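Engineer: pasting a predicted model and its sequence here:
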Amino acid sequence: MIIVFDGYDLVVYGTTVPSLLAYQQWELTPGQVGTIGSYALMGMLLGALLSGWLAPRVGARAIILTSLISFSVLMGLTALAPNPEIFGLLRFLGGLGLGGVVPTVIALTIEYSPPARRQFNNALMYSGYSVGGVLAALSALALLPENSFRVMYALGLLPLVTIVPLTWRYLPESAAFLVGKGRIDEAHALAEKFGITAAPATTSESRGTMASLFTGARRVPLALLVVASFCGLLLVYGVNTWLPNIMRQAGYSLGSSLTFLLVLNLGAIAGALIASRIADRFGSKPVTVTSFLLAVLAVLSLSLGLPLYAAMIVVAIAGLGTVGTQILVNGYVATYFGDRDRTSALGLSLGLGRVGAIFGPILGGWIASSALGVDWNFYSFAAFAGIGCLAVLLVSNRHSATRQPADHSTATTVSPAVRVDTESKEAHS
């Protein structure tokens, strides 16, 4: 439910791009709209890195609650922005909270999932992003023809009275964080309640930090996964921001263009759930490579001037190849690194990968402002999907924390001594 509103708050900008361009009081150019679209993503870059640094210090609950409240309040303020400068500043500040939510929620989902369902549960949780995109597209179809773009941002206040109370009441703290802080009894109570195995006690020096990820053999896989995240996030935010405008330039009506955004996110939900279940069975790497390849093929196909029904099918496949692929990349990072490093690794991959998210809307705006044809949007996005595919292909699974398949039947009953020995070998492999 948290990620639903995270998705809404990000995808909503793409639904309002045509309205912002038509808003005569601000007289925005496509290049300016693309730049403003990147402001929230700049905030997300800093927010993701900050959450990775703070997670071992303050815990998941504090990060998630603070981030959730901040981006909800700032969305409401965005609806009141008097000029483009204030509008962009508020989008940037809201991005700080949005960036803090995602890596923390992914890490918590993986921690509380059985090993045999980690990718699927992560995709199920993160499909909320696409649900939020669907809600943004439906809201735009219903509201924008008769209302200002401001109403779309005002809806971002809803989490304050819906999700925040539920999160405060029901969201558990990370058991690994509690163990690291010496709160062993609380950690084991949560482990027993949710049917997981508590992590072994560690000293503060041995708990995962961002700096520790840059040493040893794992730095190369981490760098490749950062490149994959860069490409995946560029596709997600570039396509979600500019798809309605691109399809209008390609000759489709405004209603059809917004419907494409709806279909993109529906395809992402269904595709990511199916692909992640396959990834749990056969491994993350081959499925993520295949998903990137689907993105290449689907995005290139959109340049062929397809009839409406065929274009809808291809856009649904592109949903898997863009949003769905990034879900798989996030799951790959979360399962590649162990409990002590997971949040920091996700903070790094999503934080540094946000450079791609920032560049995506700017790239679309630059192409829209240039003399290049609309097809160059498709060529550019397909090229980055190909780079992401190559990066994942080069990742070695030798140092993955999940290199050996886990036996779920014994995962919650293993003795503490065996658990400590196993994680020690994985951590120092």
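Structural biologist: Nice, I can see it.
Engineer: show me where the stretch 51-200 of the chain has helices.
Structural biologist: Using DSSP state H, counting those that start in this stretch, the helices of the stretch 51-200 of the chain run over 60-78, 84-111, 118-143, 150-154, 163-170, 175-180, 184-194.
Engineer: got TSV for these, with mean pLDDT too?
Structural biologist: Shown next, in TSV, are the helices of the stretch 51-200 of the chain (pLDDT from 0 to 100):
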stretch	mean pLDDT
helix 60-78	92
helix 84-111	90
helix 118-143	85
helix 150-154	91
helix 163-170	92
helix 175-180	84
helix 184-194	87
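Engineer: and of these, who's closest to residue 372?
Structural biologist: Proximity to residue 372 (C-beta to C-beta) singles out helix 84-111 among the helices of the stretch 51-200 of the chain, at 24.8 Å. In this view, the C-beta of every residue, glycine as well, is placed from N, C-alpha and C.
Engineer: now the closest one against helix 118-143, angle please.
Structural biologist: 150 degrees (axes from the mean of the first three to the mean of the last three C-alpha atoms, to 10 degrees).
Engineer: helices and strands around helix 84-111, which ones?
Structural biologist: Packing partners of helix 84-111 (3 or more C-beta pairs under 8 Å, 6 or more residues apart in numbering; DSSP states H and E): helix 2-22, helix 30-58, helix 60-78, helix 118-143, helix 325-336, helix 342-369.
Engineer: which of the ones you listed is buried the deepest?
Structural biologist: Each of the helices and strands packed on helix 84-111 was scored by mean neighbour count; the highest is helix 325-336, a mean of 29, by mean count of other C-beta atoms under 10 Å.
Engineer: related to what we said a few turns ago, take the helices and strands packed on helix 84-111 and write them to a markdown table, including distance to residue 398.
Structural biologist: Shown next, in a markdown table, are those (distance: least, C-beta to C-beta, whole Å):
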| stretch | distance to residue 398 |
| --- | --- |
| helix 2-22 | 32 |
| helix 30-58 | 24 |
| helix 60-78 | 29 |
| helix 118-143 | 20 |
| helix 325-336 | 11 |
| helix 342-369 | 16 |
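Engineer: closest to residue 91 out of the ones you listed?
Structural biologist: helix 30-58 (4.3 Å).
Engineer: ok, then the element right after the helix or strand encompassing residue 267?
Structural biologist: Assigned by DSSP states H and E, residue 267 belongs to helix 254-282. Remark: after helix 254-282, the chain's next helix or strand is helix 284-301, criterion DSSP H and E.
Engineer: what sits up against the next helix or strand after that following helix?
Structural biologist: Sequence-wise, the next helix or strand downstream of helix 284-301 (DSSP H and E) is helix 308-319. With contact meaning C-beta atoms under 8 Å, 6 or more residues apart in numbering, helix 308-319 is reached by 130, 239, 243, 247, 252, 256, 259-260, 263-271, 294-295, 297-299, 301-302, 306.
Engineer: got the helices of the stretch 51-200 of the chain as JSON lines, with distance to residue 354 columns?
Structural biologist: Formatted as JSON lines, those follow (distance: least, C-beta to C-beta, whole Å):
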{"stretch": "helix 60-78", "distance to residue 354": "15"}
{"stretch": "helix 84-111", "distance to residue 354": "7"}
{"stretch": "helix 118-143", "distance to residue 354": "15"}
{"stretch": "helix 150-154", "distance to residue 354": "21"}
{"stretch": "helix 163-170", "distance to residue 354": "23"}
{"stretch": "helix 175-180", "distance to residue 354": "24"}
{"stretch": "helix 184-194", "distance to residue 354": "31"}
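Engineer: looking at the ones you listed, which is closest to residue 366?
Structural biologist: Across the helices of the stretch 51-200 of the chain, closest to residue 366 is helix 84-111 (C-beta to C-beta), at 17.1 Å.
Engineer: relative orientation of that closest one and helix 325-336 in degrees?
Structural biologist: 50 degrees.
Engineer: buried residues, helix 84-111. List them.
Structural biologist: Across helix 84-111, burial judged by 16 or more other C-beta atoms under 10 Å covers 84, 87-111.
Engineer: what angle separates it from helix 60-78?
Structural biologist: 150 degrees.
Engineer: quick check: angle from helix 84-111 to helix 342-369?
Structural biologist: 140 degrees.
Engineer: thanks a lot, see you next time.
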